[in-house]
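*Asks:* Sharing a model prediction with you, sequence too.
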Amino acid sequence: MRIRLLAVGRRMPGWVTGAYDDYARRLPHECRLELTEIAPGNRKGGKPERAIADEDRRICDALSPDLDVIALAVDGKPWSTEQLAGQMREWLADGRDRALLVGGPDGLGPNSLARANRRWSLSPLTLPHPLVRVILAEQLFRAHSILTGHPYHRG
């Protein structure tokens, strides 16, 4: 199974890239995490609607029809780390590839949200989008460590 992280944004600070890469490398091949950066829309001129539409199109174009798509959205269902481990157990059992969608500063567009099979909320807080990449990679590694009995998680 592959977990594809589709995230709006490019040219992340070194600390983001380093932390994301560190956790992504720790995941084994059977649940590898792959990042696809989506070019942000042009927000100059105060037109976020156009930027959201551009990002929405780019995200949907990057999704293959066979993916199980999970949108990260504030109105999604929150999962504890243990619940995420349970989700990962199910993902590994069915073997389908997953896509996690992270929008830009204005969130995901309507087509991306409609394409998602479910919505997941990391937190009711507004998190900086670069940090979301790191949190996702770390939590996926932590969930996998729970499944394998690795001592990383001390819940």
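*Replies:* Perfect, I can see it now. Numbering: from 1, shown residues only.
*Asks:* List the beta-bridge partners for the residue nearest to the spatial centre of the chain.
*Replies:* For the chain, the residue nearest the mean C-alpha position is Leu100 (3.6 Å; CA atoms, centre = their mean). Beta-bridge pairing for Leu100 (DSSP bridges): Leu5, Ile70.
*Asks:* residues contacting it?
*Replies:* 3-6, 70, 72, 120, 136 (CB atoms under 8 Å, 6 or more residues apart in numbering). In short, each C-beta sits where N, CA and C put it, glycine included.
*Asks:* Can I take it that Leu35 is in a strand?
*Replies:* Yes. If the criterion is DSSP: H, G, I helix; E, B strand; the rest coil, then Leu35 is within a strand.
*Asks:* ok, the closest residue to it other than its chain neighbours to Gln139 distance?
*Replies:* For Leu35, ignoring the flanking residues on the chain, the nearest one in space by CB to CB, 6 or more residues apart in numbering is Leu5 at 5.0 Å. Look at Leu5 and Gln139: by CB to CB, to the nearest Å, they are 12 Å apart.
*Asks:* Between these two, which has more neighbouring residues?
*Replies:* Between Leu5 and Gln139, counting by other CB atoms under 10 Å, Leu5 is the more crowded of the two (22 against 17).
*Asks:* Arg133 versus the more buried one, what's the distance?
*Replies:* 7 Å.
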